[in-house]
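# let's see this in three dimensions:
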Amino acid sequence: MSTSNRQRSRIARNNADAPRGKTVDMPTLKDIVVDCLHPAALARFWAAALDDYEIRAYDQDEIERLAGLGLTPETDPVVMVDGPIGSMCFQQVNETTNGRGRLHLDLFTSNRALDVARLVTLGALVEAVHDDHTVLADPEGNVFCLYDETS
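Coordinates of the predicted model:
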């Protein structure tokens, strides 16, 4: 994987503050965590919405651990969705978000009209349509944008 000029500049800037002969390690993204009311349902939405993402499989040990807690994969308070560039973690919280969140995902597509229609059938709602992107909300109201691949 090549390092961009922007990354090299940031590395150089951070390493300038490091003790002589040492390198400052930059954090890397581990997971995108989404607070939600129904983790399994929202995980299914995002696994279906994103290319090459799927719900992390439950092995027998995990199913037994959940059963000991009175839970099933459907009622698991934390559900993981894995994909080619990282994982999404859907964790149950008991309160809803008031208003628009401070973070949202921007997605690219080669056929926006087709993908908007597909996402709507999965439970998304269209909030706004612009020349180069469409603003949608997932089934729990988390906003995301779908951009034309050429944008």
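
# in the helix or strand hosting Val116, what counts as buried?
Element membership for Val116, per DSSP states H and E: helix 112-122. Buried positions in helix 112-122, judged by neighbour count with 16 or more other CB atoms under 10 Å: Arg112, Asp115, Val116, Leu119. To be clear about C-beta, it is placed using only N, CA and C from the backbone, and glycine gets the same treatment.

# quick one, helices of this protein?
Ranges of helices within the chain are 5-16, 39-49, 60-68, 112-122, based on DSSP state H.

# so for Cys145, which of those sits nearest?
Proximity to Cys145 (CB to CB) singles out helix 112-122 among these, at 10.4 Å.

# can you say which of the helices of the chain is packed in most?
Mean neighbour count, computed with mean count of other CB atoms under 10 Å, is highest for helix 39-49 among the helices of the chain, reaching a mean of 21.

# neighbouring contacts of that one?
Taking CB atoms under 8 Å, 6 or more residues apart in numbering as the criterion, the residues outside helix 39-49 that touch it are 34, 36, 53-55, 73-81, 88, 90-92, 119, 122-124, 138-140.

# please list only the buried members of those.
With neighbours counted using 16+ other CB under 10 Å, the contacts of helix 39-49 contain these buried positions: 34, 36, 53, 55, 73, 76, 79-81, 88, 90, 92, 119, 123-124, 138-140.

# coming back round to it: by how many degrees do the helix holding Val116 and helix 39-49 diverge?
The directions of helix 112-122 and helix 39-49 differ by 160 degrees, with axes from the mean of the first three to the mean of the last three CA atoms, to 10 degrees as the criterion.

# quick one: low-confidence ranges for the protein?
Using pLDDT under 70 as the threshold, the predicted model of the chain has low-confidence ranges 1-24, 99, 151.

# how about the strands in the protein?
Taking DSSP state E as the criterion, the chain carries its strands at 31-36, 54-55, 78-83, 86-92, 105-109, 125-129, 133-137, 143-148.

# pipe the ones you listed into CSV and attach distance to Glu64 per row.
Rendered in CSV, the data for these read as follows (distance: least, CB to CB, whole Å):
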stretch, distance to Glu64
strand 31-36, 24
strand 54-55, 18
strand 78-83, 16
strand 86-92, 20
strand 105-109, 34
strand 125-129, 38
strand 133-137, 36
strand 143-148, 35
